[in-house]
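**Q** Structure for this input, please:
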Amino acid sequence: MAGKQRYLTAQEAAERLGIQVATLYAYVSRGLLRSQAGDGGTRARRYALEDVEALAASKAYRREPARAAETALGYGMPVLDSAITLIDGGRLYYRGHDVTVLAQMHSFEAVAALLWTGSLSPAAIFGGPPPLPALQTLPKDPDSPIEHYQACLALAAPADLAAHQQTPEAVARAGARILALLGHAATGQEELGASIAVALQRAWLPRRPEAAALLSAALILCADHELNISAFTARCVASAGSSPYAVVIAALSALQGHRHGGCTAHAAALLAAAAAEGVRPAIAGYLKSGDSVPGFGHPLYPGGDPRASCLLAMLSEQCAAAPSMAAAAALCAAMHEMLGLRPTLDFALAALASAIGAPRHSPLILFALGRSAGWIAHAAEQYSLNQLIRPRARYSGPPPVADVPGSAPHATSASL
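**A** Numbers count the residues shown, from 1 in each chain. Alright, predicted model coming up:
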């Protein structure tokens, strides 16, 4: 079998995972496992052994994370100590505070301060002017907001020498300047006022001041989610000693991927298709092609993503008459009935944008702005550890070969 991919039948894969075949199919629909058509024109699907073993390892991690981290680098690994965010019992907490309560009771700036300092007191952190590059000279592609933010950060970083201080207080102040800069880039306004959410509302929906509360809640719900791929990227860059600007630039690169923040665009497309064509046709296209339905089924929340539940409940109260809300509710009902899946934050952000008439890329913009607060919190925590993150790789390539007389010498580590 060397050099060849080994495949399992559905029954074999289910037995290795210790589940029923029906559950295996649900895993495929959630995007947790890939399947391929069988050989010889058979309708039976087959499953790569390495994918099944990786999923089994991730299940072991969720049961015993500390023990599993000793032997594998998989879903949710490596395990790092952090006092920022807890996911437990289907709930999400920022420094011990339930995020759904924070989203309805506090401003985004207060929650950013909580993530950075442990206190819901933003006054001592926010308010100073950010180092503004010549934003009007930057080309702004409406289809590439992430690249625009990265360009703004790269231009502003050299002027912000104070950002190279890595004390918790200095990082919090740099974080406030970074959020203000991103707010400027998102709105095109030089005067943001005391609230980024209000500035977004004035730029996007000047006739709907009530939308500011929804935008603030979305920013808060996006702010952090433990060690996801962008937060881990942020911590790796911070562990190298790079500035918070470099941390956010790198994390934005991870966020825009279609398996992370970029999923919001797919969820928005699903919602638009459901509103135009009907719910079942919109879902059928994904299921028949073997793809997961975007915006549904979060592996960390079997009972439903609390962030999505919170935002969708707020939308139901404030935007019940919006035409897209009927399609959103029908999609949620159909996905739960057919596949037992509930909406994720990605879908809730797409539903928010559609219900209030926000710009097309507003879900990703809200995700990026909100999550930047979490990345800065992870950077500050990593700076305090003064430790380089360096996972080891488990080599799976060809074995070493003996040198052939007359061949070029191998490069030494000193020459690399």
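
**Q** Take stretch 144-158, keep the C-alpha atoms, and write them as CSV.
**A** What follows is stretch 144-158 as a C-alpha-only set of coordinates in CSV (Å, rounded to 0.1, in the frame of the first residue of the first chain):
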residue,chain,number,x,y,z
SER,A,144,-11.3,42.9,-1.2
PRO,A,145,-11.9,44.5,2.2
ILE,A,146,-9.4,42.3,3.9
GLU,A,147,-6.5,43.4,1.6
HIS,A,148,-7.6,47.0,2.1
TYR,A,149,-7.3,46.6,5.9
GLN,A,150,-4.0,44.9,5.6
ALA,A,151,-2.7,47.8,3.4
CYS,A,152,-3.9,50.4,5.9
LEU,A,153,-2.2,48.5,8.8
ALA,A,154,1.0,48.2,6.9
LEU,A,155,1.1,51.9,6.1
ALA,A,156,0.2,52.9,9.7
ALA,A,157,2.6,50.6,11.5
PRO,A,158,5.9,52.5,10.9
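
**Q** List the buried residues of it.
**A** By neighbour count on 16 or more other Cβ atoms under 10 Å, the buried set for stretch 144-158 is 145, 146, 147, 148, 149, 150, 151, 152, 153, 155, 156, 157. To be clear about C-beta, it is placed using only N, CA and C from the backbone, and glycine gets the same treatment.

**Q** Tell me who's in contact with the closest residue to the last one other than its chain neighbours.
**A** For residue 157, ignoring the flanking residues on the chain, the nearest one in space by Cβ to Cβ, 6 or more residues apart in numbering is residue 245 at 3.8 Å. By Cβ atoms under 8 Å, 6 or more residues apart in numbering, the contact set of residue 245 is 153, 154, 156, 157, 160, 163, 174, 178.

**Q** now with 7 Å?
**A** Contact analysis of residue 245 by Cβ atoms under 7 Å, 6 or more residues apart in numbering lists 153, 156, 157, 160, 163, 178.

**Q** Figure out the helix or strand that it lives in.
**A** Remark: residue 245 resides in helix 244-255, with elements defined by DSSP states H and E.

**Q** one step back: quick one: the residue nearest to residue 157 from residue 152, how far?
**A** Residue 245 sits 10 Å away from residue 152, going by Cβ to Cβ, to the nearest Å.

**Q** Break the chain into its domains for me.
**A** The record's domain split for the chain, according to automatic domain parsing, is 7-69, 103-389.

**Q** mind putting those domains in TSV, mean pLDDT and distance to residue 89 included?
**A** Below are those laid out as TSV (pLDDT from 0 to 100; distance: least, Cβ to Cβ, whole Å):
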stretch	mean pLDDT	distance to residue 89
domain 7-69	76	13
domain 103-389	93	9
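
**Q** For residue 84, which of those is the nearest?
**A** Using Cβ to Cβ as the measure, domain 103-389 is the one of the domains of the chain that comes nearest residue 84, at 5.2 Å.

**Q** coming back round to it: for the buried residues of stretch 144-158, please prepare a markdown table with the additional fields distance to residue 268.
**A** As requested, the buried residues of stretch 144-158 are exported to a markdown table (distance: Cβ to Cβ, whole Å):
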| residue | distance to residue 268 |
| --- | --- |
| 145 | 14 |
| 146 | 16 |
| 147 | 19 |
| 148 | 19 |
| 149 | 19 |
| 150 | 22 |
| 151 | 24 |
| 152 | 24 |
| 153 | 25 |
| 155 | 30 |
| 156 | 30 |
| 157 | 31 |
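
**Q** if we take the residues you listed, which one ends up nearest to residue 25?
**A** Proximity to residue 25 was ranked across the buried residues of stretch 144-158 by Cβ to Cβ; first place goes to residue 146, at 34.4 Å.

**Q** Contacts only, for that closest one.
**A** Residue 146 neighbours (Cβ under 7 Å, 6+ apart): 252, 255, 256, 368.

**Q** Quick check: the last one is in a strand.
**A** No - following the definition DSSP: H, G, I helix; E, B strand; the rest coil, residue 368 is helix and is not counted among the residues of a strand.

**Q** and the helix holding residue 245, which residues are buried?
**A** Buried residues in helix 244-255 (16+ other Cβ under 10 Å): 244, 245, 246, 247, 248, 249, 250, 251, 252, 254, 255.

**Q** Double-check the fifth one against residue 373; I have them as touching.
**A** No - here residue 248 does not reach residue 373: they are 10.0 Å apart, not a contact under Cβ atoms under 7 Å.

**Q** List the buried residues of stretch 351-358.
**A** Across stretch 351-358, burial judged by 16+ other Cβ under 10 Å covers 351, 352, 353, 354, 355, 356, 358.

**Q** Nearest spatial neighbour of the fourth one, chain-adjacent residues omitted?
**A** Taking Cβ to Cβ, 6+ apart, and ignoring the residues beside it in sequence, residue 354 has residue 324 as its nearest neighbour in space, at 4.0 Å.

**Q** in the host helix or strand of that neighbour, what counts as buried?
**A** The secondary structure element spanning residue 324 is helix 323-339 (assigned by DSSP H and E). Neighbour counts over helix 323-339 (16+ other Cβ under 10 Å) mark 324, 325, 327, 328, 329, 330, 331, 332, 334, 335, 339 as buried.

**Q** thinking again about what came up before, in helices, which of the contacts of residue 245 appear?
**A** The helices, defined by DSSP state H, take in 153, 156, 178 from these.

**Q** so when I look at residue 123, I'm seeing a helix, right?
**A** No - counting by three-state DSSP, residue 123 is not found in a helix; it is coil.

**Q** what's the burial count for it?
**A** When counting by other Cβ atoms under 10 Å, one arrives at 10 neighbours for residue 123.

**Q** And it, how far from residue 298?
**A** According to Cβ to Cβ, residue 123 and residue 298 sit 35 Å apart.

**Q** Tell me where the stretch 301-416 of the chain has helices.
**A** For the stretch 301-416 of the chain, the helices defined by DSSP state H, counting those that start in this stretch occupy 306-318, 323-339, 345-356, 362-385.
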